[in-house]
Every structure is written in structure tokens, then in C-alpha cells.
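Trainee: predicted coordinates and the sequence they were generated for:
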Amino acid sequence: MNRDTVRAFLALTLIAVVGSVVGCGSGGSTSNPPPPPGSNVQPIVVNAGPAGASLGSNFNSVNVAFTSVTLCVPGSTTKCQTIDGILVDTGSTGFRVLSSALTLTLPQQKDSSKNPIAECLPFVSSTVWGSVKTADLTITGEAASSLPIQVIGDPNFPTIPSACTIFGPPQDDLASFGANGIIGIGVFGQDCGGGCATSGASNPGLYYTCPPTGCVVTTESLAEQLQNPVILFAGDNNGSLIVLPSVSAPEATVSGSLIFGIGTRSNNGLGSATVLTVDPSLGNFSTTFNGQTFTDAGFIDSGSAAIFFLDSGTTGIPECADAPSFYCPPSIIKNLMATNVGTNGANASVSFDVDNADSLLSNVNNSAVPNLGGPFSGNFDFGLPFFFGRTVFTAVEGKNTPGGAGPYQAY
Amino acid sequence: MKMCRPCGDFSLKSRIRRIAGIALLALALPFPAPASLGGDMTTVQADQVRMQGTLRSTSTQAYTVHEIQAPNGVAVREFVSPAGKVFGVAWQGTTQPDLRQVLGTYFDQFTQAVQAERSRHPGHGPLSIQTPGLVVQLGGHTRAFAGKAYVPQMMPAGVRAEEIR
């Protein structure tokens, strides 16, 4: 699917979603303040992704939810660019865009000595390196002004510092990153937190200042760090929810919604969802499986392609011979049962199935793949297949909602 | 297991529960720290010095675990065989550890395997690598990472891969 087709599809989906919201969302509670202007519903689509994002020659994107955002030069309404193929990620914080997808010239963030700031962020098995710039970001009717963002693979910062090669190989182009950018809307307000704002051994070393002599680790205040875009919205700024339909068999395309705010309008209430508050340091809850509790080891991450849990030795489910990142049971294993327990003591069970990844991925045209599982020793990562047929809420740390203060996840 | 910053009593209790029956050897500095994966005890203290961490060591009959808790929120556990070789490492924390340091001479093999795996198979999220001489599993999300690596040929008899965590 080419980029124009994706854009046209997103536009059609937007019309459909907005239409449905107008049709059913007009009867808000009289006790709530009037909703802010503009839609809070953004269409998302699980599909093959932007052309060129195929991770190798044999596969399209699998279980990645894409959306589009508009970036503008701060304060401008004309120097703007809409970018599609943006990965929707509840497992990270901050907006990042590939340099190759960015045509705007955005202002560079600088330190007090006027030296440019860059960031080295570890992802699970890789590193992204690039400059920190400032943009006005708009997504559906929501706007985050003067948002610090990262430009991955910025050609003005071509040399990755040696200290930034310690987390694994770089992902700095479309083929390796698999998306034009990523919008991190997880439970944290900033991508690093207090550690990066202090000097010394407690600083994890994500932010760099780049004088002409070369980039070195620096301190970065909370406000200067990459922000969760949601917290900069004028309203609907306490979190978000993702809605995707049930998927019973692999499909090429599945569309859903990313809705901003929790309990701020008639279309984003918690309903019967269970609020699982998470550890404020790690952002994890606990998970019980087969009578064993894995403390602080569970999370819900739309940016993970499967439900990754435990290992073959513990579950008895074999890994795929040619792809050890996924499980390959001889036949589907139905109704595996886990119970997620928040730090607030609330618990919510999850029943899920795991099928043979080789079979599930045999048709490379299918990008929305249910029942995909894989190992993650001692942990539970409820990735995108968990979202199929659910409404999943992510509340940001320190933000109040009708279900209590974040950070929490709820479903 | 909780691995937070700073690590509190809860973490210690749960760890002690998990390793019930294991002798607690030492809780204090200074103590010789093990080297990277595949290394031996002769290059001791390098990891601990680099991580500016505190060290706790526990032993079973099959191996000794040296756990380094660094002030940047990362805990690394290094599994040392009776022959003095680091056959496995596991880590957890608010950022990734220095994988070049933790994996040592296996880092380049790891990097190549990651790139090969990602190019052959789709998807973001946790990643597992299984080569004849190196097994790596890693995952997590921003501000919460976990992973492990071991060399199958160096595993002491009777030790299961699940114990490395």
C-alpha cells in the first residue's frame, strides 16, 4: 500500500469516526464542564505501514498501529507538515520522527551555552540517536505547543557518540525503524524523568550537548525533556484510550481509534474498566500466572507486536525454530489465564490464546495478527494483540481522572 | 521481582524468598565483582567500578550470583560457575545497561544477530536471539527494561535457563 493510499484511507476513516462521534456523543453529562473545541478522536490503522517500512524482504509490518500527526514550526499556521505512518506507542513517551520523513525546518533546542541538544534513547534492542527540536504538534483536534521532539537520524548530527552505542544497533531509517515516527503516549510525562535532570552517576546519560568538539552527556530539565504530547494539550490531557475491534484471524488492515482524555467527555469514560495503578518508577503492574506472581513485571504496550510472556521452560510452549522471538505451539493454545494486579490492589484477569507464529505470519499481506505470542522471561508484555476487542486506557503520572490519579492502565 | 530506584526492603525480601535455601555470602563493599559474559574472575571489579554500583553476592552449589545495583537505576546479575566463568547475565532497571560491557566479547555477535533477526522477522518489542554459542532475550519499555544472556556451552550441569533472571 503506498503512502497516498494510506493517507486517503486515514482521511476516510477520520470522516467515518467523526461522523459517528457527532452522531452519538451529543448527550454529555450536564455536571461536566463543556468539552473543549475540536475532536478528541484520532483514527488509527493496523496495516502494512508506510512504503519502505517492511522489516526485510519477506514481511510487512505486523501488529503496528499507525496514525498521522501534523507538525508546525512553533507559532506558525502555514509552515506545517502532516506525517503519516506514525507508530502509536503506549510503551514510550515523546514524539520522534525520522529525519527522512521531515521536510520542515524546526528550531533546534539549545542549552544555556547555545550548544545544540541531542538525545540517545534506548529501545528494547536498539538505539535511536538524533537532535532535539521544537514543534507545534496537532493530532485530531488536540494541540501540543512548543513540544520538544526528537529528529532521529538528523544528518546534522551524523556521529553517534560511542557512549550511545552501548544499547544495541541504531534504528535510524525507515527500513530499520519500521515507521516514519513514533508518538509515545505512555504512563510517564517525560521520557527520562528526574535522573536526566541531575548530574553524576544517577544520570542514565540520554541527553547530550553538542559543542563543536563533540557531543557529551548533559543534564536536561524535566520541561526540556521529550514530553508526553498528551500532557501539553489544553484539555483531554490526563491520558488516552485505544479502541480496536476484535480480530479472529489475521487480516491485512484493521482500523480503530485513539481517543484523548479520560472521563473528560462523553466518549472517553472508564465505564466498567478496572484501574490498575502502576509502579511510579517502572510503570509496571504485577501479573499472576499459574499461581506464580511476577511482581512489577507486567505492562500493556501497543508498540509491542505480540503478547510476550515468560519462556518455553516455564510455559511449555516451544519457540519457533527459525524465529525464537515468537512461540510456535503445534496447535493453538486457548484460554491462557493471567491476572494483572495494580499497585492499588485491583486486579483484572486476561484470557488469551497463543497460536503458531509460523502459520499466523505465513501470509505476508496480513498485518493485524491475533494470538501472536512470544517469550519474555519473567515478564508479561501485553502487546497489540491484547488490544484487539478491548478499550485500553493509559493515564499519565500525576494526572487526575475519574478513576483516580495516574500513572495507571485500565481495561 | 521489584527492581527500583532506590531498591528497598521489599525487593530484598522477595529476593530472599526466591532464593530460599541459598547462602547469603556478602552484602557489603568491597567485594570482587565478576567480569562480562564469558569472562572470569581475574578481571574483577571492572564492572562494579564502571557502574559505580553496590554489590551483593549469593551462592548455590551450582553457581554464584553477583548483583550490581547502579545509581542510574540498573541492576545487573552475573552468574559465575564453580570454574569461575561468567556463563550468564541478567539485568533489569529504568534504563538499559551498558550492553557492550555486560556482553563483553559477545557484543558484536549480539549486534549482528539483532540486525539479522529484525530483518528476517517482523515486529517491535521483546527480542530473542538463539545462536549456537549465545542466547539473548530482552524486552521492556521506556524506563523499564529487562533482559538476559547466556552461553549454553558454559552452563554448569543441571542449571536451567529460567534460573538466569
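Mentor: Good, I have the coordinates.
Trainee: measure the residue nearest to A:Ser221 when sequence neighbours are not counted to A:Leu232 for me?
Mentor: In this structure, A:Ser221 finds its nearest non-sequential neighbour in A:Ala197, 5.3 Å apart by CB to CB, 6 or more residues apart in numbering or on different chains. The way it works is simple: take the backbone N, C-alpha and C, and place the C-beta from them, glycine included. Here A:Ala197 is placed at a distance of 18 Å from A:Leu232 (CB to CB, to the nearest Å).
Trainee: do the same with A:Ala338
Mentor: From A:Ala338 over to A:Leu232 the distance is 34 Å, taken as CB to CB.
Trainee: OK, contacts around B:Gly88?
Mentor: B:Leu37, B:Glu78, B:Phe79, B:Lys148, B:Ala149, B:Tyr150, B:Val151, B:Met155, B:Ile164 (CB atoms under 8 Å, 6 or more residues apart in numbering or on different chains).
Trainee: break down the stretch 51-200 of chain A into its strands, ranges please.
Mentor: For the stretch 51-200 of chain A, the strands defined by DSSP state E, counting those that start in this stretch cover A:65-72, A:80-89, A:93-98, A:117-122, A:127-139, A:142-152, A:181-185.
Trainee: so what strands line up beside the second one?
Mentor: When you say that, I think you mean strand A:80-89. Strand A:80-89 sits in its sheet next to strand A:65-72 (antiparallel), strand A:181-185 (parallel), going by DSSP bridges.
Trainee: could those go into a markdown table alongside mean pLDDT and mean neighbour count?
Mentor: A markdown table is the format used below for the strands paired with strand A:80-89 (pLDDT from 0 to 100; neighbours: other CB atoms under 10 Å in any protein chain shown):
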| stretch | mean pLDDT | mean neighbour count |
| --- | --- | --- |
| strand A:65-72 | 98 | 23 |
| strand A:181-185 | 98 | 27 |
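Trainee: CSV for those, including distance to A:Arg265?
Mentor: Converted to CSV, the strands paired with strand A:80-89 look like this (distance: least, CB to CB, whole Å):
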stretch, distance to A:Arg265
strand A:65-72, 19
strand A:181-185, 17
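Trainee: apart from its neighbours in sequence, what residue is nearest the residue positioned nearest the centre of chain A?
Mentor: Taking CA atoms, centre = their mean, the centroid of chain A lies closest to A:Asp89, which sits 0.6 Å from it. Using CB to CB, 6+ apart and skipping residues adjacent in sequence, the residue nearest A:Asp89 is A:Gly303, 3.6 Å away.
Trainee: same check, this time on A:Ala306
Mentor: In space, and not counting its chain neighbours, A:Ala306 is closest to A:Leu372: 4.0 Å by CB to CB, 6+ apart.
Trainee: tell me the contacts of the one you found?
Mentor: A:62-63, A:305-307, A:326, A:354-355, A:357, A:360-361, A:383, A:385.
Trainee: swap in 6 Å and give it another go.
Mentor: A:Ala306, A:Ala357, A:Leu360, A:Pro385 (CB atoms under 6 Å, 6 or more residues apart in numbering or on different chains).
Trainee: next, count neighbours for the third one.
Mentor: Around A:Leu360 sit 23 other residues, with neighbours defined as other CB atoms under 10 Å in any protein chain shown.
Trainee: ramachandran coordinates for it?
Mentor: For A:Leu360, the backbone dihedrals are phi -60, psi -30 (criterion: degrees, to the nearest 10).
Trainee: equivalent analysis for the one 5 residues further on, please.
Mentor: The phi and psi torsions at A:Asn365 (degrees, to the nearest 10) take the values phi -80, psi -10.
Trainee: pLDDT score assigned to it?
Mentor: Here, the pLDDT recorded for A:Asn365 equals 92.
Trainee: quick check, it in contact with A:Ala252.
Mentor: Yes - in this structure, A:Asn365 is within contact of A:Ala252 by CB atoms under 6 Å, at 5.3 Å.
Trainee: more neighbours: which of those two?
Mentor: Shown here are A:Asn365 and A:Ala252; by other CB under 10 Å, A:Ala252 has more neighbours (14 against 11).
Trainee: next up, the contacts around the more buried one.
Mentor: The contact partners of A:Ala252, by CB under 6 Å, 6+ apart, come to A:Asn365, A:Asn366.
Trainee: if you rank the contacts of A:Leu372 by neighbours, which is first?
Mentor: A:Ala306 (32 neighbours).
Trainee: so that one versus A:Pro375, what's the distance?
Mentor: When A:Ala306 is compared with A:Pro375 (using CB to CB), they lie 10 Å apart.
Trainee: hey, what's the residue nearest to B:Gln96 when sequence neighbours are not counted bridged with?
Mentor: Closest residue in space to B:Gln96, ignoring its immediate chain neighbours: A:Pro122 at 4.1 Å, by CB to CB, 6+ apart. Note on A:Pro122: beta-bridge partners A:Thr127, judged by DSSP bridges.
Trainee: try A:Leu137
Mentor: With DSSP bridges as the rule, A:Leu137 is bridged to A:Leu71, A:Ala144.
Trainee: what count of nearby residues applies to it?
Mentor: Here the count is done by other CB under 10 Å, and A:Leu137 has 22 residues near it.
Trainee: picking that back up, just the contacts of A:Leu372: which are in helices?
Mentor: The helices, defined by DSSP state H, take in A:Ala357, A:Leu360, A:Pro385 from the contacts of A:Leu372.
Trainee: list just the nearest of the residues you listed to chain B.
Mentor: A:Ala357 (8.7 Å; CB to the nearest CB).
Trainee: contacting residues for the closest one?
Mentor: When contacts are counted by CB under 6 Å, 6+ apart, A:Ala357 touches A:Cys320, A:Phe326, A:Cys328, A:Leu372.
Trainee: go again using 8 Å as the cut-off
Mentor: A:Ala357 sits next to A:Ala306, A:Cys320, A:Ala323, A:Phe326, A:Tyr327, A:Cys328, A:Leu372, A:Gly373, A:Gly374 when contact means CB under 8 Å, 6+ apart.
Trainee: how about low-confidence regions in the chain?
Mentor: Just going to use chain A. Applying pLDDT under 70 to chain A flags the ranges A:1-37, A:53-59.
Trainee: not quite, go with chain B.
Mentor: B:1-35, B:41-47, B:121-123.
Trainee: now do the helices in it.
Mentor: With DSSP H as the criterion, chain B has helices at B:9-18, B:46-51, B:99-103, B:107-120.
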